[in-house]
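[1] Sharing a sequence plus its predicted fold:
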Amino acid sequence: MADRIAHHVRDLPRSGIRDFFEIVQSMKEVISLGIGEPDFMTPWHIREAAIYSLEKGHTGYTSNLGLPRLRAVISKYVEEHFSVSYQPEREIIVTVGVSEAIDIAIRALVNPGDEVLYHEPCYVSYSPSVVLAHGVPVAIPTKSEDDFALDAEALATRITPRSKVLLLNFPTNPTGATMDRARMEKIAALCVKHDLIVITDEIYSEIRYDGSEHVSIAAMPGMRERTLLLHGVSKAFAMTGFRIGFGCGPQDLVEAMMKVHQYAMLCAPITSQEAAVEALLHGAPAVENMRREYELRRNYIVSSLNDMGLETFLPRGSFYVFPRIESTGMSSRDFAMGLLKAENVAAVPGPAFGAPGEGYLRCSYATALPKIKEAMSRMTRYVERARKGQFAEAV
């Protein structure tokens, strides 16, 4: 059967995150700093809305585009939080998480050979999604000395006549990077100049620190008509299992996405859609409480990593840190595997997020502070052993 598998699927690498956690799941009493999932329970009023939906017998299909009421709520939410307006009847589609939205958007846009530009380190699905659509992924490295922001000059050097789409993700998984307005304006100008379509994944937009502004490229002059804004309820509202994302963009693109969606998925679950209505309407206080807790955790974990000599960029969004582990003399994978086996602490090797991730480790602070403190204590011990040349014994 192996010979019958489509070549572009056969040659696709497995997710570095999932492979690593296959190992983690075989071990006991591991403190995990690896999974990008909030440790908070979905707020009760949102769960109650899902329960009430079931009690009312709302168990059928919805429109392919999603519940009209949810799309109306999304339109209002996006206008308030992202400063750009969309018509709920024809410019918004509800998807099974942002992951599906990325997949169907790329399939709707990309012809074989079209180039999709994206910045690395990045979420693991971006390049594979392009390959599965027979496109050509083109990575643009970002650097810690530039705050892991996308540099307009670096982007310009990668644009060719075959470039069609730019995929953005700010705040970023895995680095926690954000983009200020001045930097984003330069990116927007390049997109207009070279007629690029933009897919902007803004799933972490509510999770920001230090009073930093969230800037959506969709709201910039000349960008609404060429941008697909993606968001959802998984991260900020602690609703990962509900699997609700949405895309907002030009009618023709949303219609094309709907065609792929209706044949592959049909619609997102109605129970989850009704819970999402409640989240977007009344979830802000809970989101702010979670954000404050993340900020406390961020401050602690960044301080701890820097104290142990692992240079760590201060993230201003999401719930990840990306410490540099090169000073230990170990590769990212060796460091992560040694830490797991010697100290029962799981963190993801940086190269899982692209080649520029070598020499780094992704640690998620979407776990309770007492566990983070214990993990940092164990990691300090491990780093000290590694620097003394004892890492072979630790591994």
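    Yep, it's here. Residues are numbered from 1 along each chain as shown.
[2] Is the closest residue to Lys143 other than its chain neighbours part of a helix or strand, or is it coil?
    If you skip the residues right next to it in sequence, Lys143 has Pro356 as its closest partner in space, 7.6 Å away by C-beta to C-beta, 6 or more residues apart in numbering. Yep, even glycine has a C-beta here, placed from its N, CA and C like the rest. For Pro356, the reduced secondary structure class is helix; criterion used: DSSP: H, G, I helix; E, B strand; the rest coil.
[3] cool, the one 5 residues further on as well?
    Using three-state DSSP, the structure places Leu361 in strand.
[4] And the longest helix anywhere in the chain, what does it pack against?
    Residue-count comparison of every helix in the chain, with assignments taken from DSSP state H, identifies helix 284-307 as the longest. Contacts of helix 284-307 with other secondary structure elements, assessed using 3 or more C-beta pairs under 8 Å, 6 or more residues apart in numbering; DSSP states H and E, are made with strand 320-321, helix 369-387.
[5] out of these, which comes closest to Trp44?
    Using C-beta to C-beta as the measure, helix 369-387 is the one of the helices and strands packed on helix 284-307 that comes nearest Trp44, at 22.1 Å.
[6] ok now the host helix or strand of Thr200, how far from the chain's centre?
    Counting by DSSP states H and E, the element that carries Thr200 is strand 197-201. The chain centroid and the centroid of strand 197-201 are separated by 13 Å, computed with C-alpha atoms, centre = their mean, to the nearest Å.
[7] Following element in sequence after that strand, please.
    Scanning the chain past strand 197-201 towards its C-terminal end, the next helix or strand to appear is strand 227-232 (assignment: DSSP H and E).
[8] distance of the nearest residue to Gly232 once chain neighbours are set aside from Ser26?
    Using C-beta to C-beta, 6+ apart and skipping residues adjacent in sequence, the residue nearest Gly232 is Gly245, 3.4 Å away. Gly245 sits 31 Å away from Ser26, going by C-beta to C-beta, to the nearest Å.
[9] again with Val302
    According to C-beta to C-beta, Val302 and Ser26 sit 30 Å apart.
[10] who has more neighbours, the two?
    The residue with the greater number of neighbours, taking Val302 and Ser26 and applying other C-beta atoms under 10 Å, is Val302; the counts read 20 against 8.
[11] wait, doesn't the more buried one sit right on Thr312?
    Yes: between Val302 and Thr312 a contact is recorded at 5.1 Å, counting by C-beta atoms under 8 Å.
[12] what residues do those two have in common as contacts?
    Listed contacts common to Val302 and Thr312 are Val321; contacts here mean C-beta atoms under 8 Å, 6 or more residues apart in numbering.
[13] all strands for the protein, in order.
    Along the chain, counting by DSSP state E, strands occupy 31-32, 92-95, 115-120, 136-141, 163-169, 197-201, 227-232, 245-248, 320-321, 345-346, 348-349, 361-364.
[14] what packs against the third one?
    Right, strand 115-120. Packed against strand 115-120, as judged by 3+ C-beta pairs under 8 Å, 6+ apart, are the following elements: helix 126-132, strand 136-141, strand 163-169.
[15] and that strand, C-alpha only, in CSV?
    Output for strand 115-120, consisting of C-alpha atoms alone and laid out as CSV, is shown next (Å, rounded to 0.1, in the frame of the first residue of the first chain):
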residue,chain,number,x,y,z
GLU,A,115,4.1,30.4,-3.8
VAL,A,116,2.9,31.1,-0.3
LEU,A,117,5.2,33.2,1.9
TYR,A,118,5.2,32.8,5.6
HIS,A,119,7.5,33.6,8.5
GLU,A,120,9.4,31.1,10.6
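[16] Quickly run through the sheet partners of it, with directions.
    Listed by DSSP bridges, the sheet partners of strand 115-120 and their directions read strand 136-141 (parallel), strand 163-169 (parallel).
[17] that older thread, now the helices and strands packed on strand 115-120 in a markdown table, please, with extra columns for distance to Arg69 and mean pLDDT.
    Conversion of the helices and strands packed on strand 115-120 to a markdown table gives the following (distance: least, C-beta to C-beta, whole Å; pLDDT from 0 to 100):
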| stretch | distance to Arg69 | mean pLDDT |
| --- | --- | --- |
| helix 126-132 | 30 | 97 |
| strand 136-141 | 37 | 98 |
| strand 163-169 | 29 | 98 |
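[18] Flag the shaky bits of the stretch 251-395 of the chain, pLDDT-wise.
    Within the stretch 251-395 of the chain, the ranges that satisfy pLDDT under 70 run 390-395.
[19] hang on, the earlier thing: possible to save the strands of the chain as TSV with mean neighbour count?
    Rendered in TSV, the data for the strands of the chain read as follows (neighbours: other C-beta atoms under 10 Å):
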stretch	mean neighbour count
strand 31-32	22
strand 92-95	26
strand 115-120	24
strand 136-141	19
strand 163-169	23
strand 197-201	24
strand 227-232	27
strand 245-248	28
strand 320-321	26
strand 345-346	24
strand 348-349	28
strand 361-364	27
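[20] Pop the domain breakdown of the chain in here.
    Using automatic domain parsing, the domains assigned to the chain come out as 2-42+285-394, 44-282.
[21] and among those, the most buried is which?
    Per-residue neighbour counts averaged over each of the domains of the chain give the maximum for domain 44-282, namely a mean of 20 (mean count of other C-beta atoms under 10 Å).
[22] Endpoints of it, how far apart?
    Distance across domain 44-282, first residue to last, is 11 Å (C-alpha to C-alpha, to the nearest Å).
[23] Run the chain-centre distance for it.
    10 Å.
[24] before we move on, back to that, which one, of the strands of the chain, ends up nearest to Pro13?
    When these are ranked by proximity to Pro13, the top entry is strand 136-141, at 12.3 Å, counting by C-beta to C-beta.
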